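> let me see the structure of the following:
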Amino acid sequence: MGSDDVTTVGHSPEAVLLASNVPLWELPSPEEFAEQIDYDDVGKKNDIHQASKDTPDYYISKDLAGGDYYADVIASIGQRLYSRKRKANVSLSEFHLQH
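Next up is the predicted model:
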């Protein structure tokens, strides 16, 4: 397969170019979040848990705080993807083909 021959892999050149420009990354696990957060990060999540349970003497573990931060990231990614999809749908609906 030659370096200019992208059709043999079943993709158009545009699809191959797009795929090559997409950064790949892996989301840290909840345990990795727990390892990286500090006392202040845990404190912020603890304040949220205390307010939601109305118990000022309730304290969460670093593991629970790490799981919360993980869930926050998943929710944020979902919101951004949904927003981009909505914007793309609007853009496509405004696009008119000329016959």
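
> every contact and neighbour count from this point should use C-alpha atoms.
Fine.

> counting neighbours, what do you get for Glu32?
Other residues within reach of Glu32 by the criterion other C-alpha atoms under 10 Å amount to 14.

> quick check: chain neighbours aside, which residue is closest to it?
Gly66 (7.6 Å; C-alpha to C-alpha, 6 or more residues apart in numbering).

> which neighbouring elements make contact with the helix or strand encompassing the one you found?
Using DSSP states H and E, Gly66 falls within helix 62-94. For helix 62-94, the contact count by 3 or more C-alpha pairs under 8 Å, 6 or more residues apart in numbering; DSSP states H and E identifies helix 30-36, helix 39-53 as packing neighbours.

> got the angle for it vs helix 39-53?
Taking axes from the mean of the first three to the mean of the last three C-alpha atoms, to 10 degrees, helix 62-94 and helix 39-53 form an angle of 80 degrees between their directions.

> let the chain start at 53 from now.
In the new count, where the first residue is 53, that last one comes out as helix 114-146.

> in helix 114-146, what's buried?
Residues of helix 114-146 classed as buried under the neighbour-count rule (16 or more other C-alpha atoms under 10 Å) are 114-122.

> how about low-confidence regions in the protein?
Scanning the chain for pLDDT under 70 picks out 53-76, 143-151.
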